[in-house]
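Student: just to be clear, the model below is a prediction. Sequence and coordinates:
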Amino acid sequence: MEALSGLFGGVLGTVGPFLVVLGVLIFVHELGHYLAARSVGVHVDVFSIGFGRAIVGWTGRDGTYWKIGWIPLGGYVKLHGQESAEDRAAAEAEARARGEPAPLWREGRTFAEKSVGARAWVVAAGPLANFLLAAVLLAGLYVTAGRPNTAPVVTGVQEASAAAQAGLRAGDRIVAIDGRTMHRFEEVQGVVRLRPGQPLTVTILRDGERLTVPVTPGRRELTDRFGNVQVIGLLGVSGGVPEYTRLDPATALAAGLSETVRLTEQTLVALWQMISGRRGTEEIGGPLRIAQLSGEVAEGGLAPLVGLLALLSINLALINLFPIPILDGGHLMFYAAEAIRGKPLPPRAQEYGFRAGLALLVGLFVLATWNDLTQLRIIDWVVGLVG
């Protein structure tokens, strides 16, 4: 019993932070769809956080039914007039069976009658809202806690390295390389990596005194799994002292947008590495991983939790933009085809696309769940029971 408690205790103890993180992400995503729909004159029948029967629900003054479902693993916005007449009759019957009000037909405010551009805007607004949320959250952190920066300060020097031969010491701050100002330790690494065996002029700040020293980075050969050899430059120093600088709101917002772009690029690079086989798929996680991570990060305070929320918001936006039918990106793909053809794709083609998209999503969900169970050692626990 103690083993079972220890196995699940960490997960169950993170329910609160998990629901907060997931709830905020879903609400903002669906709010993007909702506001975009209202902006082009489309009525929204249902705004739901979660799936299934409503724990709580009410009808707003605009006629939209707002609800919180009992399965907190997603949400949706039901746009007026998305369905056919037959689907509409079935939806009305289903709504009455769930105890929800059956939507009235509103001529002129249906989704289907809008232009392909307007429909694409409504669909794209959800992911865009998540990108904006990430930028705003990061900006808020930069205003309050400060923008994190890994200062280009040397904390250690390896023996017989290029840095040791040049006389660099722990505590030296690298302020420039070949006249280019260095603000972050990663910038130092980036410059040195591309200059193996090439002389560099490094300007450092030591005990308040500005010094210039010549350094020739060492060479290291890296071989990837395909046998390709890459030569990189190395100084032989460790560093990256954390610094936090508070920014004014305008600068913080610009920095938040910039960081959102950077994190998006990093995520896409990691995804491509998985597709090309240069990176394992064990990093793909699902709800259990998010729950565990939310609980662990929440223990560090509000700021780390907000940072995690921003990162997950970016991931949610990117996932929804993948050109997979059922997801927002799949709908945008269909709308692009409609714009090119001048008419929608045949219903059968769309149906086959949705089926393929559903199969792919189920496969990804199974993979993510397997990774979660493996990382949380639940598989090992089950094997131990029957072994």
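Tutor: Right, received. Where do you want to start? Numbering: from 1, shown residues only.
Student: run a quick neighbour tally on the closest residue to residue 162 other than its chain neighbours.
Tutor: Of all residues not flanking residue 162 in the chain, residue 218 sits nearest, at 4.7 Å (Cβ to Cβ, 6 or more residues apart in numbering). Every residue, glycine included, has its C-beta placed from N, CA and C. Residues near residue 218, counting by other Cβ atoms under 10 Å, number 19.
Student: ditto for residue 108
Tutor: A count of nearby residues for residue 108, using other Cβ under 10 Å, gives 9.
Student: ok but it is inside a strand, no?
Tutor: No - using DSSP: H, G, I helix; E, B strand; the rest coil, the secondary structure at residue 108 is coil, not a strand.
Student: relative to residue 59, how far out is it?
Tutor: Separation of residue 108 from residue 59 (Cβ to Cβ, to the nearest Å): 21 Å.
Student: how about residue 21?
Tutor: Going from residue 21 to residue 59 by Cβ to Cβ gives 28 Å.
Student: of those two, who's got more company?
Tutor: Taking other Cβ under 10 Å, residue 21 and residue 59 do not tie; residue 21 has more neighbours (24 against 13).
Student: by contact count, what packs against the helix or strand hosting the more buried one?
Tutor: Taking DSSP states H and E as the definition, residue 21 sits inside helix 15-39. On a contact count with 3 or more Cβ pairs under 8 Å, 6 or more residues apart in numbering; DSSP states H and E, helix 15-39 meets strand 44-59, strand 65-79, helix 116-144, helix 287-298, helix 302-321.
Student: any buried residues in it, and which?
Tutor: Neighbour counts over helix 15-39 (16 or more other Cβ atoms under 10 Å) mark 17-18, 21-22, 24-34, 36-37 as buried.
Student: between that helix and strand 44-59, how big is the angle?
Tutor: Taking axes from the mean of the first three to the mean of the last three Cα atoms, to 10 degrees, one finds helix 15-39 and strand 44-59 inclined to each other by 130 degrees.
Student: quick check: mean pLDDT of helix 15-39?
Tutor: Helix 15-39 shows a mean pLDDT of 90.
Student: quick one, that helix and helix 302-321 angle?
Tutor: Calculated by the same axes, to 10 degrees, helix 15-39 forms an angle of 50 degrees with helix 302-321.
Student: now do stretch 157-169: distance from first to last residue.
Tutor: Stretch 157-169 has an end-to-end distance of 6 Å (criterion: Cα to Cα, to the nearest Å).
Student: can you pull the buried residues of that stretch?
Tutor: For stretch 157-169, burial by neighbour count (16+ other Cβ under 10 Å) applies to 157, 161-163, 166, 168.
Student: take those residues and keep only those in strands.
Tutor: residue 157 (DSSP state E).
Student: export the buried residues of stretch 157-169 as CSV, with columns for distance to residue 177.
Tutor: Output for those, formatted as CSV (distance: Cβ to Cβ, whole Å):
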residue, distance to residue 177
157, 16
161, 16
162, 13
163, 12
166, 12
168, 12
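Student: just checking, residue 214 is part of a strand?
Tutor: Yes - under three-state DSSP, residue 214 sits within a strand.
Student: give the contact list for the residue most central in space within the chain.
Tutor: With distances taken as Cα atoms, centre = their mean, residue 315 lies nearest the centre of the chain, 1.9 Å away. Contacts of residue 315 were listed using Cβ atoms under 8 Å, 6 or more residues apart in numbering, and they are residue 267.
Student: gap between the residue nearest to residue 35 when sequence neighbours are not counted and residue 32?
Tutor: Nearest residue to residue 35, sequence neighbours excluded (Cβ to Cβ, 6+ apart): residue 125, at 6.8 Å. With distances taken as Cβ to Cβ, residue 125 is found 4 Å from residue 32.
Student: with residue 54 instead?
Tutor: Residue 54 sits 22 Å away from residue 32 when distances are taken as Cβ to Cβ.
Student: how about residue 182?
Tutor: From residue 182 across to residue 32, the span is 39 Å (Cβ to Cβ).
Student: now residue 78
Tutor: Look at residue 78 and residue 32: by Cβ to Cβ, they are 15 Å apart.
Student: same question, residue 219
Tutor: For residue 219 relative to residue 32 (Cβ to Cβ), the value is 49 Å.
Student: so residue 361 makes contact with residue 324?
Tutor: Yes - with contact defined as Cβ atoms under 8 Å, residue 361 counts as touching residue 324 (6.8 Å).
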